[in-house]
Structure formats: C-alpha cells, structure tokens
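Q: Give me the fold of what follows.
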Amino acid sequence: MFRAILFDLDDTLIENDMQSFLDAYFKSLAPVIQPFCKNVNFIDAIYKSSRPLFKMKNSNTVLIDVFYNELKTYTGLEPDEMHKLFLEYYDNEYRSIDVIKPVPGAIDCLNKAAEIADKIVVATVPIFPKIAINIRLEKGGITDFNFDLITGIDEMHSSKPHKSYFEEILKKINCKPSECLMIGNDHIDDLSAKKAGIRTFLVTNFQKNRGKSKFKPDREGSMDDLLTYLSLLA
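A: Numbering: from 1, shown residues only. The predicted structure is shown next:
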C-alpha cells in the first residue's frame, strides 16, 4: 500500500521536550563557540540566523549554507570555520545532552514499517545536521536502523511546514505522494504533508499545536494504535 513511510523525530520516534533540549543545547554549545565571537551574543546570533530557515521554500541553496551565511553577518566568522567548530561540538559536548528518552513502541513501529515500505524516512525539521540527528536517534534508543533519508540541514532546501519540503522528500526518494504516509505528532508541521498529497497518521502521545491546523489526519492514535495499523498493512 505504501512505498515510503515518513516519521517525524522529536516526540514521535523519540521523547524530547524541545525547550529542555534547547536549554541544554545552548548551555553546552556556548562555551565552545562564544570565545570565537567576542563582543557578540552567540546564542542570539544563532536564533536570528535560524529564522530564515523556516521561511525557505523552492530555494536553490541548501539550508546549511543559508544558516552559515546568515551567521557570518552577526559573527564575522567564515562558513568553513564555523562548520568545523560545529562538527567538533557535535562529536564531543553535544553527546552529553541527557534529556532525550525512548518512546515505547517506536522501534517496533519502525521495524513493522520496514516490512511494509521500501523506504523509511526521518522527516524532521531540518535545522540540525545529520550527525546531530543520528545522535538524538541513538539517545532515543533507535540504533542500527538503516534510514533511506534523514532530512538534515545539510540535505534539504526547505523546511516544514512548506509543501516544497515534502515535495523535495518525494523527489529524493523517487515516490509519488499517493505512495507515502507521514507519521508525526505535530498538527501543523506533520499534517501539512497533506499539501503535497501525502496521507497522514497523527500520533497522539505528545501532540503539538493541537487545533491550529486546517488539515485533519487520515488516521490518528497512540503509538500502540500506530503499531496495530501498520501490522494490518503488513
């Protein structure tokens, strides 16, 4: 029935309170980067440089280049220099963030999805590189799973909830909208897959932006309900 199944990451595959995560993220990142950005509030620069990413659609520029170019205007640091600093951070201090928990049943849903579909995608908001997303997956108990695509900042040209984000995924995995299912907890970011003609399953364990979307999920339920649904498709 489905050739590809797309999973949101935070509070779908893994439990991750985003505010707690961001607090820990900036607390561990600031000492690494701030010394190279004297007279500049680095955290403020990060927020300002990230804002354009959420507006990007139908762009010819990969998001990580947009981010580094924006960051240069606030810090003066060249993109190559900044990229090296971030990679070193993700390989070291980032791994100490300890706010992420496994979601019971998530790995079972992934394995069941892999029995149904040829391609499994982590369709997360692309504001982190794949190295950082992979670490979050590991901390959430998702290990040794071969995803066909992870929508990192170093991969994508647009972001949720834009139609172009989902269209880019479809192009990368060579699938038609009717062949795909988007699974997630966010009424705006995930249900917006409907703009691209993709069917949706709303996971209700950690719902976000409830009542704020004009789209209704094709199906909804807990992670246990999702496993039951996927089992019926297998």
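
Q: packing partners for the helix or strand containing K84?
A: Following DSSP states H and E, the helix or strand that holds K84 is helix 79-91. Using 3 or more CB pairs under 8 Å, 6 or more residues apart in numbering; DSSP states H and E as the contact definition, the elements that helix 79-91 packs against are helix 18-33, helix 63-75, helix 130-139. Every C-beta, even on glycine, is put in place using the N, C-alpha and C of the backbone.

Q: Point out the one among those that comes closest to H83.
A: For those, the distance to H83 is smallest for helix 63-75, at 6.5 Å, taking CB to CB.

Q: what residues does that closest one touch?
A: Applying CB atoms under 8 Å, 6 or more residues apart in numbering, the contact partners of helix 63-75 are 36-37, 40, 42, 44-46, 48-50, 52-53, 56, 59, 77-79, 82-83, 126-127, 129, 153-154, 156-159.

Q: Just these: which are in helices?
A: Where these overlap with helices, as defined by DSSP state H, the overlap consists of 42, 44-46, 48-50, 79, 82-83.

Q: Put the buried members of those residues into a PyMOL selection.
A: For selection in PyMOL, the members of the ones in helices among the contacts of helix 63-75 meeting the burial criterion (16 or more other CB atoms under 10 Å) are listed in this command:
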select buried, resi 42+45+46+49+50+82+83
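
Q: Which members of the ones in helices among the contacts of helix 63-75 are the farthest-apart pair?
A: Looking at the ones in helices among the contacts of helix 63-75 by CB to CB, the two members farthest from one another are D44 and H83, with 20.1 Å of separation.

Q: Run the angle between the helix holding K84 and helix 63-75 for me.
A: For helix 79-91 against helix 63-75, the angle between stretch directions is 110 degrees (axes from the mean of the first three to the mean of the last three CA atoms, to 10 degrees).

Q: How about helix 79-91, which residues are buried there?
A: So, applying 16+ other CB under 10 Å, buried residues of helix 79-91: 82-83, 85-86, 89-90.

Q: For it, the averaged confidence score.
A: The average pLDDT within helix 79-91 is 94.

Q: what residues does it touch?
A: The contact list for helix 79-91 (CB under 8 Å, 6+ apart) reads 28-29, 32-33, 36, 64-65, 68-69, 71-72, 75, 77, 129, 131-132, 135.
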